[in-house]
Every structure is written in structure tokens, then in C-alpha cells.
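J.: what follows is a predicted protein model with its sequence.
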Amino acid sequence: MQRFAAVLSKLKGLKKAGPDGWKALCPAHEDTNSSLSIKVADDKLLINCHAGCDWKAVITALGVETGDLFAEPLTSTALASPSKKKWEFVESYDYEDKHGVKLFEVVRFNPKTFRPRRKGPDGKSLWNIDGCDRPLYRLHLLVSTPPDRHVWVVEGEKDVDRLVMAGLIATTNVGGAGKWLPEYNQHFKGRPVLIVPDNDVPGLKHAAHVEEQLRPLAKSVTILQLPGLPEKGDVCDYLDSHTTDELIALATEQESGKKPAPAAQAAETAAPPASDVIPDEGPAPFDGEDERAVRAEVGRRMRMFVDTSERMLIETVRRFFAGLREMSNDR
């Protein structure tokens, strides 16, 4: 903890925030709102500027090294490659430009840790994205689809892949909540957008910020409220107990501004006593206006889908095995 204390002592406006956290003024920009969050987790000091400063810019402004953020001193080898640590590879997520050219990837490890990785000039892995463009995840799929398709903006690559495999267009930004860049906004011009936040304070703040950024350009922007999510839950948790059709129906309802009937109203519209029930003679036939409304709604829902291709599944499996091979080569 002495190593942490040395870092904390350099921060201005430091205030306690929870049992293992603090807030302070970010040294990487002219901060008056205590935008910097600091937390101890897994013997590491986690630093996050909610105004968008990169953590490396923060520690550079403080005059400390990456190793100062760990409880125990780290060797340069351990810092350079997480494969030298006792982390288990889980998945890798390719970030590509609008033409599908890979720029870098984000590697997920167990225990839950994310590290960006790119190829250096010598072909070896570099565990940073310094100097790289930071496109939206699956940008090339987004820009290749018609502008009337709904785009689902979620928090995390795993959520994107889950929605894409379900036949939807989805994307996220690298780095998680609070890392949305202004250059992302152009890709949503004229598009209907559905934002699905994680069920925590950072996720909700991130969703509100993205909505504010996209509303002037997008055709529509709706922040979805997924019922029954646990704390820090996400759209994957929702889909673990619901179907994609149920998610689409919920999105359609909330986008149109319709709300579920309250309990009192539901009681008023409950079925009458059995003696008053009119025998069911089957559904009434549609008149012309009803049929047009139904067809319009069907078309609307179909536009929220994009076909799940075999190529997409092959790409996911390919990336998994490519990540395993690269981890093996780095050892």
C-alpha cells in the first residue's frame, strides 16, 4: 500500500469515495469537477478519467510509472506481455477500419482483464495502441449496411458479438464507458439508434453521453431499459433468460414511447366473469387499414435484423484460434 500512497499523494483534490476508492482532479487536463476515479482492485490501482483522458496521459502528468500502479514491483518483461503473468486467454476482439483492415485487437483474460495488442514493425506483439486509430468495433459491418437499419450501441465487445450472432447490427467503442470519441458520431447520421447501457452508474452516464452526441445526427435515439437486470448486468444477461424476439419487441415498444399498462389499469381490463364472456369465434378479419398497419410493423421489425451469415461465424472462430496461436508465439 505504500506504493499506492506515493501515487495518491501526487493527486490534487483527493477525496474518499467508497471503501477502496477516491476521486481527484485529473492532472492530464484542466479539471474542476474531480473527473478522476481511483480504485484498488486485485492488488492494482485502477485509474479512470471520466472526461476521456487516457490513463497513460494521467500517469505521465503525475510523473509516475506503470509499475507504480501495482502493489508489487513488476519486471519490464511482465509489463510488456501479459502472457508472462498467470492470466488465461479467453477471447480476442479485432478492431478494423471501415475497409475491414485490422488495426489492433483487445484481448480478454481470466481473471477478467482486457489488454489492447497490435503488431509492431518487427512483427512482435506490442501491448498498447499508441498512435493507432480507434475505430468502432465491427465498423466495417456497420458502414456496409443500409442506413435505415437499427444500430444497437452497447458497452463491450462480448455484447456486440452476442447481438450480431442474433442477427442485429451492433457496435461499441474501445475502452468501455466514458471513452466515446467525437469521430464516432458521423457513422450514425440518419440512422435509428438503440443504446443499451450496462446496469450501473458508469454505464448509465455513458449512455446519456452517447445519446447527447448522436441525437443531432441520428434519425432517432432511444436508451433501452432492460427489466430484471442485476447490478452491473448487460444485454447478454437479459438474453440469457429472454429471446431475441422479446428484446426486439421491448425495443419497438420503448422506441415508440409506449409503456406497459400499470397494475390498476390491468385490473380494469381483466377478463369479465365467465357468465359474461362472449364465445371465442376466432380473430376478426383485418380491414384494409389494419392490414397495412400490420404489414408496416412487420417491415419495421424486419429492418431491425441483418442476416447472420456463415462468414460471420467463421470469423468469430478464426479470431479465437488466431488469439490462441499469438499467445503461444509470445511465450
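T.: The structure has been received and is ready for your questions.

J.: going forward, measure contacts between C-alpha atoms and count neighbours the same way
T.: OK.

J.: low-confidence ranges, this structure, go.
T.: Along the chain, the model assigns pLDDT under 70 to residues 1-3, 42, 71-86, 258-331.

J.: for it, what spans make up the strands?
T.: Assigned by DSSP state E, the strands in the chain fall at 12-16, 21-25, 36-41, 44-49, 88-96, 102-110, 113-119, 125-126, 151-153, 169-171, 192-195, 220-223.

J.: which one, of those, ends up nearest to Ala5?
T.: Distances from Ala5 to each of the strands of the chain were compared using C-alpha to C-alpha; the minimum, 10.3 Å, belongs to strand 44-49.

J.: nearest to Leu142, out of the strands of the chain?
T.: Relative to Leu142, the nearest member of the strands of the chain by C-alpha to C-alpha is strand 169-171, separated by 6.7 Å.

J.: and that closest one, how far from the chain's centre?
T.: Remark: strand 169-171 is offset 10 Å from the chain centroid, using C-alpha atoms, centre = their mean, to the nearest Å.

J.: what's that strand packed up against?
T.: Counting contacts by 3 or more C-alpha pairs under 8 Å, 6 or more residues apart in numbering; DSSP states H and E, strand 169-171 is packed against helix 139-143, strand 151-153, helix 157-165.

J.: on that earlier part again, can you list the strands of the chain in JSON lines and add distance to Asp159 and mean neighbour count?
T.: Conversion of the strands of the chain to JSON lines gives the following (distance: least, C-alpha to C-alpha, whole Å; neighbours: other C-alpha atoms under 10 Å):
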{"stretch": "strand 12-16", "distance to Asp159": "32", "mean neighbour count": "15"}
{"stretch": "strand 21-25", "distance to Asp159": "27", "mean neighbour count": "20"}
{"stretch": "strand 36-41", "distance to Asp159": "24", "mean neighbour count": "18"}
{"stretch": "strand 44-49", "distance to Asp159": "22", "mean neighbour count": "20"}
{"stretch": "strand 88-96", "distance to Asp159": "12", "mean neighbour count": "21"}
{"stretch": "strand 102-110", "distance to Asp159": "13", "mean neighbour count": "19"}
{"stretch": "strand 113-119", "distance to Asp159": "15", "mean neighbour count": "17"}
{"stretch": "strand 125-126", "distance to Asp159": "26", "mean neighbour count": "18"}
{"stretch": "strand 151-153", "distance to Asp159": "9", "mean neighbour count": "23"}
{"stretch": "strand 169-171", "distance to Asp159": "8", "mean neighbour count": "25"}
{"stretch": "strand 192-195", "distance to Asp159": "12", "mean neighbour count": "24"}
{"stretch": "strand 220-223", "distance to Asp159": "16", "mean neighbour count": "20"}
